[in-house]
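> Here you go, sequence then predicted model.
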Amino acid sequence: DRGDGSLVKLNSVYESSGPEALCAAVSQLTGVEVDRYAAVGFDGFQSIVSYFGGIEVDVPYSVTYSFYTHDYPDETFQAGEQVLDAWRAMALSRSRTGYSQYGLNEDMMRQVVDRQMLTTLTGYVLTEADDPAATAEQLLAFVSTNIPSETVVLWVETLASLDELTVYGTSGPVDGGIDAASGLWLTPQYPEKWAALMDAVEAGEDPSTVDVQLD
């Protein structure tokens, strides 16, 4: 809510007012303090994938992505393990409509695939790079963030020193629908559940065990 009664999509806040304003809007909506951000655009994502010469992806379902701008041909993906170049990885990261044919929640499946790619890229930095910290510093050129580079390097050095690293992930909230008045897809606010989710994250627990859906 802009304050004048008008509703906008969260990404519209980013586009019009920048990442700090988006952090404030997310904090207001969820009741969870958000003050750090790392933004990677489509070009930045492709640059990161190109840095590693492609990315290994296990595509869960065969899907076709049609660019909404209609200025590029469709990209079709077959289910299974494969290596994607930067362009096709970007297209897959945007794809969601193709999952409806399987009776699956489109946004949830896009999150599942994007988290897989994020985890894979993290692994490339931490376990395959000769110098994880130096690699992270180079990749920061493709990221807009308010996290100091020395902090990122410290995180990477700490994570790379571990014998084992577990990455948890969960999707939600995905309940909601199109609001007739605004034409926007809206989800009900239940900040107490989002706060419980983030409490689990902060404690290093598995967030997928926290119920973030409507009762």
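Good, I have the coordinates. Residues are numbered from 1 along each chain as shown.
> How about residues contacting the longest helix seen in the chain?
Secondary structure assigned by DSSP state H gives helix 106-123 as the longest helix of the chain. Helix 106-123 has contacts (Cβ atoms under 8 Å, 6 or more residues apart in numbering) with 48-49, 52, 55-61, 89, 92-97, 99-100, 167, 169, 171-172, 174. (Glycine included, C-beta is placed from N, CA and C.)
> I'd like the next helix or strand past the helix or strand bottoming out on mean pLDDT in the chain.
The weakest-scoring helix or strand in the chain, judged by mean pLDDT, DSSP states H and E, is strand 185-186 (a mean of 82). Following strand 185-186 in sequence order, the next helix or strand is helix 191-202 (DSSP states H and E).
> Does anything pack onto that next one? Which helices or strands?
Judged by 3 or more Cβ pairs under 8 Å, 6 or more residues apart in numbering; DSSP states H and E, the packing partners of helix 191-202 are helix 19-30.
> and the angle for the helix it packs on with helix 191-202?
120 degrees (axes from the mean of the first three to the mean of the last three Cα atoms, to 10 degrees).
> Tell me the strands beside whichever helix or strand comes after helix 19-30, with direction?
Per DSSP H and E, helix 19-30 leads on to strand 38-39 as the next helix or strand towards the C-terminus. The strands beside strand 38-39 in its sheet (DSSP bridges) come out as strand 144-145 (antiparallel).
> can you list contacts of the strand it pairs with?
Counting by Cβ under 8 Å, 6+ apart, residues outside strand 144-145 touching it are P19, R36, Y37, A38, A39, V40, G41, G44, V152.
> at 10 Å what do you get?
Contact with strand 144-145 is made by G18, P19, R36, Y37, A38, A39, V40, G41, G44, T151, V152, as judged by Cβ atoms under 10 Å, 6 or more residues apart in numbering.
> ok, so of those, who is nearest V125?
The nearest member of those to V125, counting by Cβ to Cβ, is V152 at 10.5 Å.
> Distance-wise, check A133 relative to F45.
Per Cβ to Cβ, to the nearest Å, A133 is found 21 Å from F45.
> Correction: the previous question concerned V112.
From V112 to F45 the distance is 17 Å (Cβ to Cβ).
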